[in-house]
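*Asks:* Compute the structure for the input listed below.
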Amino acid sequence: MASACQADSAPVLVRYRNREIREEDLHFIRATIEGRPELTRTQMASLICEAWNWRRCDGSSKVKACHDLLLRLDEWGHITLRRQAGRTTGRSRRQLPRLPTDLIPLAWWEVNQADVDLHRVVVRPIAEEERSGWRLFIDRFHYLGCQPIIGENLLYVAEYPGLAGEVLALVGWASASFRAPLREDYIGWDESAKRQRQHLVVNNVRFLVPHWVQVPNLASRVLSQNLRRLSADWQQRWGHPVHLAESFVDTSRHQGTCYRASNWVCLGHTAGRSKRGNKYLKAGSPKAHYVFPLRRDFRRLLVSEQAP
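*Replies:* Residues are numbered from 1 along each chain as shown. Next comes the predicted model:
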């Protein structure tokens, strides 16, 4: 018991995805790197997850998050990973395959208001075999491109029955932003409650209506349909519901009209900082922070000590 108390009182060197890393954790990682040189980084991440019992709510190991943690600890100088043959050093952006040129004409079929009855638009999670196509479309047509999503996530497509599979919109959801003071104040979170229940908040990380789709009110319709099924889909995929959705809108590019039309609440604007490594830097313009409660009693579920 004394050793456990000493471990809890040891200073936290790094916080990553709700995980507190202390010196004894770094010592364990270093010993694993030195003692098991035959392991790949993914195997090493799996071994560390098992040792730490680092799991998602559905019981599966957080191997991808742990792999990303190892890369960051190496970048910050806490550990030294062996360089793998044929790989470049540093954290380079994962390269996606180029969109085949023979598929580009399919993306330019103009869709207008006369072609679409909004009541017949279908929003559904993508199938596993559609994942690469979703990423290719986002990477080519979304101004932020498509970067790897670490942790829990769900990807959606909006379709119309009469347009032979034409993509009307793509939506991506991922784990909530770790630091968001406006959201914390809105919910009533202290640091302890946030760390226990942050997995119950989900972030709208991508939303794309292709520019060749010109249908008024389509974006707000897609958001509304998506939000109605989001928590149930998250429960089925990740083993727990979500009670609050959030999104950050770059107001230098967009006005956030579809969020306001879908009854999202604007909490204000962020400070315009981005996180690089373990430092927050001033970068870019402030973002409008929108939230949407998925249940009326979301505060009780996110704050109450009796909440699951």
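*Asks:* Tell me the buried residues in the one helix or strand residue 134 maps to?
*Replies:* Residue 134 is part of helix 131-141 when elements are defined by DSSP states H and E. Within helix 131-141, the residues that count as buried by 16 or more other CB atoms under 10 Å are 133-141. For every residue, glycine as well, the C-beta is placed using N, CA and C.
*Asks:* Ok, stretch 70-83 next?
*Replies:* Quick answer for stretch 70-83 (16+ other CB under 10 Å): 70-75, 78-79.
*Asks:* Repeat that for stretch 249-260.
*Replies:* 249, 256, 258-259.
*Asks:* which residues in this structure form helices?
*Replies:* Listed from the start of the chain, the chain has helices (DSSP state H) covering 2-9, 23-35, 41-52, 63-76, 131-141, 181-187, 191-197, 218-238, 257-261, 298-303.
*Asks:* Now do the third one and helix 63-76, the angle between them.
*Replies:* Going back to what we said before, that points to helix 41-52. 100 degrees (axes from the mean of the first three to the mean of the last three CA atoms, to 10 degrees).
*Asks:* State the mean pLDDT of helix 41-52.
*Replies:* Predicted confidence along helix 41-52 averages 87 (mean pLDDT).
*Asks:* Dump it to PDB, keeping only the CA atoms.
*Replies:* Extracted in PDB, the C-alpha atoms of helix 41-52 (Å, rounded to 0.1, in the frame of the first residue of the first chain):
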ATOM      1  CA  ARG A  41       6.600  -0.700 -32.100                       C
ATOM      2  CA  THR A  42       3.100  -2.100 -32.400                       C
ATOM      3  CA  GLN A  43       4.100  -5.200 -30.400                       C
ATOM      4  CA  MET A  44       5.800  -3.000 -27.800                       C
ATOM      5  CA  ALA A  45       2.700  -0.800 -27.600                       C
ATOM      6  CA  SER A  46       0.500  -3.900 -27.100                       C
ATOM      7  CA  LEU A  47       2.800  -5.200 -24.300                       C
ATOM      8  CA  ILE A  48       2.800  -1.900 -22.500                       C
ATOM      9  CA  CYS A  49      -1.100  -1.700 -22.700                       C
ATOM     10  CA  GLU A  50      -1.300  -5.100 -21.100                       C
ATOM     11  CA  ALA A  51       1.100  -4.200 -18.400                       C
ATOM     12  CA  TRP A  52      -0.700  -0.900 -17.600                       C
END
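*Asks:* And it, how far out from the chain middle?
*Replies:* 22 Å (CA atoms, centre = their mean, to the nearest Å).
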